[in-house]
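A.B. asks: this one's structure only:
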């Protein structure tokens with residue numbers, strides 16, 4: 001059975017872990033927002049430049065070359081963006097796993113303390129028949 005002090009300490013540990021987890025989530029959201037803003041700015045600049053180039057095209061062949069040339073940077077930017085997303089979520093996942101491992105490590109001694117009194121073997125007592133020997137018979141003659 002947990003004492004009130006142990007229960008308060010356990011609750012305090014849980015709140016501390018929740019606080020750490022919340023900070024990590026907020027940090028990840030901040031990184032994600034910064035990534036989205038950076039990607040949006042870069043995309044706007046690239047699209048603006050691409051539209052200026054499109055306005056200067058004089059033939060169909062130039063248009064096809066310009067379009068095919070513009071695909072490579074878009075693909076690279078998309079790959080870079082997904083790589084950054086992966087790193088953000090990987091870091092978040094690792095931090096969550098670390099916090100849960102710490103919580104499990106801290107909870108094990110408390111669980112053992114809770115379970116230990118219930119797993120002790122019951123004390124053995126002798127019954128009345130074995131004390132008096134009434135149930136015992138000797139060899140018959």
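C.D. replies: Thanks, I have the structure now. Every value quoted in this text rests on a predicted model; they were computed, and no experiment measured them.

A.B. asks: Which parts of the chain are helices?
C.D. replies: In the chain, the segments counted as helices under DSSP state H are 4-55, 60-119, 128-132.

A.B. asks: Grab the most central residue of this structure for me.
C.D. replies: By Cα atoms, centre = their mean, the chain has its centre lying nearest to residue 96, at 3.2 Å.

A.B. asks: Local confidence estimate at it?
C.D. replies: What the model reports as pLDDT for residue 96 is 90.

A.B. asks: What are the buried residues along stretch 55-70?
C.D. replies: In terms of neighbour count (16 or more other Cβ atoms under 10 Å), stretch 55-70 has its buried residues at residue 70. C-beta coordinates here come from the backbone N, C-alpha and C atoms, glycine included.

A.B. asks: What of stretch 88-97?
C.D. replies: Using 16+ other Cβ under 10 Å as the test for burial, stretch 88-97 gives 88, 92, 95.

A.B. asks: Can you lay out these as TSV showing distance to residue 76?
C.D. replies: Below are the buried residues of stretch 88-97 laid out as TSV (distance: Cβ to Cβ, whole Å):
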residue	distance to residue 76
88	19
92	25
95	29
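
A.B. asks: Based on its surroundings, how many neighbours for the closest residue to the residue nearest to the centre of the chain other than its chain neighbours?
C.D. replies: Closest residue in space to residue 96, ignoring its immediate chain neighbours: residue 21 at 6.6 Å, by Cβ to Cβ, 6 or more residues apart in numbering. Using other Cβ atoms under 10 Å, residue 21 is surrounded by 16 other residues.

A.B. asks: Can you report how many residues lie near residue 27?
C.D. replies: For residue 27, the neighbour count with other Cβ under 10 Å is 14.

A.B. asks: Could I get the pLDDT score of it?
C.D. replies: 94.

A.B. asks: and the gap between it and residue 88?
C.D. replies: 9 Å (Cβ to Cβ, to the nearest Å).

A.B. asks: how near is residue 50 to residue 80?
C.D. replies: Taking Cβ to Cβ, one finds residue 50 at 18 Å from residue 80.

A.B. asks: Point out where the protein drops to low pLDDT.
C.D. replies: Residues of the chain meeting the criterion pLDDT under 70: 1, 110-123, 125-141.
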